[in-house]
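Engineer: This is the structure alone, sequence omitted:
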Ligand SMILES: NC(=O)c1ccc[n+]([C@@H]2O[C@H](COP(=O)([O-])OP(=O)(O)OC[C@H]3O[C@@H](n4cnc5c(N)ncnc54)[C@H](O)[C@@H]3O)[C@@H](O)[C@H]2O)c1
Ligand SMILES: O=c1ccn([C@@H]2O[C@H](COP(=O)(O)OP(=O)(O)O[C@H]3O[C@H](CO)[C@@H](O)[C@H](O)[C@H]3O)[C@@H](O)[C@H]2O)c(=O)[nH]1
């Protein structure tokens, strides 16, 4: 049985689906603060908070867990600058509760949702795993702290891990069974689609004076179903005796905010008014990653690399959104 913390959320629900497609049984543990009961269409949902160590122990006693996928965290870069306390408590302290429970119940395999935000402002592009990690926002620091803690827990307690450093998760399940639905929504693509649908007036472009080709920030958008595929491969790798390590998961392609708006206009056929705004605190100008290591070691190959395909799946979900 696999434990999926945060499996009612955006990325976790897609991995939960993929695990079932690959024949694995899952228990989703989520407090539903940002997640949705309706997103847990596979496996068993246990509602609880990682700060509740008694509840966590109950889960490990009740189910025969042999691997943990850990998505439960707060994940808004901008918010983390304004309210770091929230991020360190949930992303660090609560993750420690989970790791300590794993050690206690002798569960050995841990797949961690890390992020390219741990690199800060990279010296070179594309970003590779051995580059310096100097995060520029508390969210990135909170994830890097767990990466470091995992190295020590691996050495001391033989807990095996893969840290998966995602670039910007985007798109939705191609079958539209699940998708991205956050309240409040802060992510670029769903906000652009809300503007396309007339659910909001416009999209604000945070910063137009970055040293990029059109002045707006560049990110590497990676399809959430491709991320899901990499997770299953990472678990199989660990179970087959693979070394504990970190992998970038991205497309090695950067799209600027203005280019993403352009793709949305093309896919939706709608006018999307853009308003130029100040830079958002904590945002590096460009993040584009090399996923050569994941391709080489895990045999991972993203299927949906094109921003238009990512947008098409996101739009399809937006139009029928069920939660
Ligand atoms: N979205 C991205 O582009 C992106 C990129 C890099 C890394 N990540 C990481 O991936 C993970 C999932 O991100 P997401 O976009 O799906 O976020 P999300 O908010 O949709 O999912 C997180 C889920 O965790 C749950 N949760 C949070 N704290 C909890 C707690 N203390 N106890 C129980 N459940 C809790 C929430 O209710 C939610 O369902 C996060 O760890 C995030 O940092 C996301
Ligand atoms: O209304 C908006 C929202 C966002 N942006 C810009 O769009 C880009 C993408 O922003 P967003 O969709 O909010 O994602 P990020 O802040 O890049 O963060 C996501 O991607 C990170 C990896 O890069 C993860 O670690 C985070 O968890 C995840 O939320 C950034 O340059 C933002 O400044 C805008 O211009 N206008």
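Structural biologist: That came in fine, so what should we check first? Note that the structure is a prediction, hence the values are computed from the model and not measured. Ligands and ions are numbered 1, 2, ... in the order given.

Engineer: so what does the helix or strand of the chain with the lowest mean pLDDT touch, helix or strand wise?
Structural biologist: Within the chain, judged by mean pLDDT, DSSP states H and E, the helix or strand with the poorest mean is helix 77-82; its value is a mean of 93. When contacts are defined as 3 or more C-beta pairs under 8 Å, 6 or more residues apart in numbering; DSSP states H and E, helix 77-82 sits against helix 84-87, helix 138-157. Just so you know, the C-beta spots here come from the backbone N, C-alpha and C atoms, and that holds for glycine as well.

Engineer: Is any residue of that helix near ligand 2?
Structural biologist: Yes. Remark: helix 77-82 sits within contact range of ligand 2 at residue 77, by C-beta under 6 Å from any ligand atom.

Engineer: what comes up buried for that helix?
Structural biologist: Residues of helix 77-82 classed as buried: 77, 79-81 (neighbour count, 16 or more other C-beta atoms under 10 Å).

Engineer: same question, stretch 275-283
Structural biologist: Quick answer for stretch 275-283 (16+ other C-beta under 10 Å): 282-283.

Engineer: Stretch 247-257 now?
Structural biologist: 247-257.

Engineer: related to what we said a few turns ago, can you list the residues that contact the least confident helix or strand of the chain?
Structural biologist: Contact partners of helix 77-82, identified using C-beta atoms under 8 Å, 6 or more residues apart in numbering, comprise 74, 86-87, 117, 137-140, 142, 186, 280-283.

Engineer: hey, where'd the strands end up in this protein?
Structural biologist: 2-5, 26-30, 44-47, 67-70, 109-115, 160-166, 168-170, 203-206, 218-219, 221-223, 245-249, 255-256, 274-277, 286-287 (DSSP state E).

Engineer: Any chance of a markdown table for those, columns distance to residue 60?
Structural biologist: Shown next, in a markdown table, are these (distance: least, C-beta to C-beta, whole Å):
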| stretch | distance to residue 60 |
| --- | --- |
| strand 2-5 | 8 |
| strand 26-30 | 10 |
| strand 44-47 | 11 |
| strand 67-70 | 10 |
| strand 109-115 | 13 |
| strand 160-166 | 17 |
| strand 168-170 | 28 |
| strand 203-206 | 42 |
| strand 218-219 | 37 |
| strand 221-223 | 31 |
| strand 245-249 | 25 |
| strand 255-256 | 41 |
| strand 274-277 | 46 |
| strand 286-287 | 36 |
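
Engineer: got these as TSV, with mean pLDDT and distance to residue 93 columns?
Structural biologist: Below are the strands of the chain laid out as TSV (pLDDT from 0 to 100; distance: least, C-beta to C-beta, whole Å):
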stretch	mean pLDDT	distance to residue 93
strand 2-5	98	14
strand 26-30	98	16
strand 44-47	98	20
strand 67-70	98	14
strand 109-115	98	15
strand 160-166	98	18
strand 168-170	98	24
strand 203-206	98	30
strand 218-219	98	29
strand 221-223	98	28
strand 245-249	98	22
strand 255-256	98	35
strand 274-277	98	34
strand 286-287	96	27
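
Engineer: residues contacting residue 124?
Structural biologist: Applying C-beta under 8 Å, 6+ apart to residue 124 gives the contacts residue 131.

Engineer: Do you know the pLDDT at it?
Structural biologist: Residue 124 carries a pLDDT score of 95 in this model.

Engineer: The one 4 residues further on now?
Structural biologist: Residue 128 is assigned a predicted lDDT (pLDDT) of 98.

Engineer: Let me see the contact set for it.
Structural biologist: 248, 289-290, 292-293.

Engineer: hmm, try it at 7 Å
Structural biologist: residue 290 (C-beta atoms under 7 Å, 6 or more residues apart in numbering).

Engineer: Kindly report the same for residue 72.
Structural biologist: 5-6, 30, 50.

Engineer: mind redoing it with 10 Å?
Structural biologist: Counting by C-beta atoms under 10 Å, 6 or more residues apart in numbering, residue 72 makes contact with 4-9, 12, 28-31, 33-35, 49-50, 90-91, 94-95, 98, 113.

Engineer: cool, residue 231 as well?
Structural biologist: 4, 11-12, 14-16, 18-19, 69, 71, 111, 113, 162, 164, 249, 298, 300.

Engineer: which among the buried residues of helix 77-82 gets closest to ligand 2?
Structural biologist: residue 77 (4.0 Å; C-beta to the nearest ligand atom).

Engineer: just to revisit the earlier point, which among the contacts of helix 77-82 are in contact with ligand 2?
Structural biologist: Among these, ligand 2 is touched by 117, 186, 280, 283 when using C-beta under 6 Å from any ligand atom.
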